[in-house]
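Next comes the sequence, and after it the predicted model I'd like to discuss.
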Amino acid sequence: MVYPIFAMVSLFFVVLLYGLVIRIKAVKQGTVHGHYFKTFEARAAIPEKIVQHKNHIENLSQAPILFYVACVVAMIQTYDDTMIILAWLYVALRIVHSIIHLSYNNVIHRLSAFLASNVVLVVLWLRLL
């Protein structure tokens, strides 16, 4: 269960790094002023990619916490191959969700990946019971 946790943490840091890249690019191109990043309050239009990234980081800081807790509880109790598969499936779906959200951002595709990942998370928790 440690490896799926590590994969989710890695996803979080990859998304953070991506955000740093797009923010630096936006400031260099003059599409956003550097002062915006002090409070994230805008008086002018903020590029869509930056808003998407900010929202996605918030999203990666919410439901995945339940995933981390489930994995730790599974390691304390006991877990089987099914739980490991569920953990990896959750990670895979969250990666797909991130790719969709941070690229072409089709709401239906993004919602499908998000819902599927949460169904897997519920099943993982039910297996813990």
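In hand now; what should we look at?

hmm, who's touching stretch 122-129?
Residues outside stretch 122-129 that contact it (CB atoms under 8 Å, 6 or more residues apart in numbering) are Leu66, Phe67, Ala70, Val73, Ala74, Gln77, Thr82, Met83, Leu86, Ala87, Tyr90. Quick note: C-beta positions are derived from backbone N, CA and C, even for glycine.

which among the residues you listed end up buried?
Phe67, Ala70, Ala74, Met83, Leu86, Ala87, Tyr90 (16 or more other CB atoms under 10 Å).

Show me the residue at the heart of this structure, geometrically.
Against the mean C-alpha coordinate of the chain, by CA atoms, centre = their mean, the closest residue is Leu60 at 3.4 Å.

what's the pLDDT at it?
Listed pLDDT for Leu60 reads 89.

my guess is it meets Phe12, correct?
Yes - taking CB atoms under 8 Å as the definition, Leu60 is a contact partner of Phe12 at 5.3 Å.

List the buried residues for the helix-or-strand element of the chain with minimal mean pLDDT?
In the chain, no helix or strand scores lower on mean pLDDT, DSSP states H and E than helix 36-39, which sits at a mean of 72. Of all the residues in helix 36-39, those buried under the rule 16+ other CB under 10 Å are Tyr36.
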